[in-house]
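>>> model the structure of this input:
(chains A and B)
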Amino acid sequence: GNSVTQMEGPVTLSEEAFLTINCTYTATGYPSLFWYVQYPGEGLQLLLKATKADDKGSNKGFEATYRKETTSFHLEKGSVQVSDSAVYFCALIMWNFGNEKLTFGTGTRLTIIP
Amino acid sequence: EAQVTQNPRYLITVTGKKLTVTCSQNMNHEYMSWYRQDPGLGLRQIYYSMNVEVTDKGDVPEGYKVSRKEKRNFPLILESPSPNQTSLYFCASRQGGQPQHFGDGTRLSIL
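You can find the predicted model right below:
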C-alpha cells in the first residue's frame, strides 16, 4: 500500500534559521504530494502541493520539489519565523476515481524560538 | 466563506454513552471523510463518502458509524464509545481532483 515517512520531531530552530523537513513516500503509480500545516488548536491547512515529477510547490516562503527518482518531497524554508511554529504533515493521494484518501506521515512539530 | 464545520469542538464523556460528532460543509462537495489524529500515527481515515447514501470504511472503522443523508452533512457516530477512541477527529471534504478542506477538529476524551 501507499505510505509516507517523514522526519521525526520535534524540531527546534532559532528565528531566521534554514529549515528542512524530510519526507519520502512509497506508492504504486504517480501520486500527488502535499504539505499540510496545523497551527495550535486549528485544523489542517494546505500549505503547498505538487502533482507531477519535478513540480515545485511553494507558498509563504516554503518550497518542496517532487523528486520521483528519490521518491521525496522535502519541505524547505530559507528563514523561519516564530509564526511558523506548527505541526507539518506530508501527505500523498492517488487519483483513482475511488476512495482518493490522503495518506499522511506522522507529522513533525516545529518550534521556532526568537 | 468556504467552511467545514465540526461540532462539538471538545467533549469529555464516559464509556458506553452514545455520541455524535456533526460535520457540515457549505461547498457542495461530493466527497467527505473522517480522520482521527493520534500521536506518532498521523491522521488515519475512519470512513468516507463519495456522495449521498454512499459510504464506505477507511483504515480504522471499528467502533464508528457514519451516515450521508444530505450532501452537506456527514455525522460520525460512536454507538458505544471506549477509551481507545479518545483522539482528535477531523472531518474533510473535497470536490473532483482538488485538495481536501479540513474542519478545525473535535477533541474527544472517553473516560
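>>> for the lowest-mean-pLDDT helix or strand in chain A, name the packing helices and strands.
Using mean pLDDT, DSSP states H and E, strand A:102-104 stands out as the lowest-scoring helix or strand of chain A, at a mean of 87. Here strand A:102-104 touches strand A:3-6, strand A:86-93, strand B:42-51, going by 3 or more Cβ pairs under 8 Å, 6 or more residues apart in numbering or on different chains; DSSP states H and E. In this view, the C-beta of every residue, glycine as well, is placed from N, C-alpha and C.
>>> again, only using 10 Å
strand A:3-6, strand A:32-38, strand A:86-93, strand B:31-38, strand B:42-51 (3 or more Cβ pairs under 10 Å, 6 or more residues apart in numbering or on different chains; DSSP states H and E).
>>> show me what whichever helix or strand comes after the last one is packed up against.
To tie it back to what came earlier, the one meant is strand B:42-51. Scanning forward in sequence from strand B:42-51 by DSSP states H and E, the next helix or strand is strand B:54-57. When contacts are defined as 3+ Cβ pairs under 10 Å, 6+ apart, strand B:54-57 packs onto strand B:42-51, strand B:65-66.
>>> which one of those is the most hemmed in?
strand B:42-51 (a mean of 21; mean count of other Cβ atoms under 10 Å in any protein chain shown).
>>> any idea how far the least confident helix or strand of chain A is from the chain center?
Chain-centre distance of strand A:102-104: 11 Å, with Cα atoms, centre = their mean, to the nearest Å.
>>> tell me which parts of chain B are close to chain A?
B:4, B:6, B:9, B:31, B:33, B:35, B:37-45, B:47-50, B:56-59, B:88, B:90-92, B:94, B:96-107 (Cβ under 10 Å from any Cβ of the partner chain).
>>> where along chain A do the strands fall?
A:3-6, A:11-14, A:19-21, A:23-26, A:32-38, A:44-50, A:56-59, A:62-65, A:75-77, A:86-93, A:102-104, A:108-113 (DSSP state E).
>>> out of those strands, which gets nearest to residue B:68?
Judged by Cβ to Cβ, the one of the strands of chain A that comes nearest to residue B:68 is strand A:102-104, at 18.8 Å.
>>> paired strands for the closest one, with orientation please.
strand A:86-93 (antiparallel) (DSSP bridges).
>>> list the buried residues for the strand it pairs with?
A:86-93 (16 or more other Cβ atoms under 10 Å in any protein chain shown).
>>> circling back to that earlier point, closest one to residue A:17 among the helices and strands packed on strand A:102-104?
strand A:86-93 (15.1 Å).
>>> mind putting the helices and strands packed on strand A:102-104 in JSON lines, distance to residue B:18 included?
Converted to JSON lines, those look like this (distance: least, Cβ to Cβ, whole Å):
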{"stretch": "strand A:3-6", "distance to residue B:18": "34"}
{"stretch": "strand A:32-38", "distance to residue B:18": "29"}
{"stretch": "strand A:86-93", "distance to residue B:18": "31"}
{"stretch": "strand B:31-38", "distance to residue B:18": "17"}
{"stretch": "strand B:42-51", "distance to residue B:18": "16"}
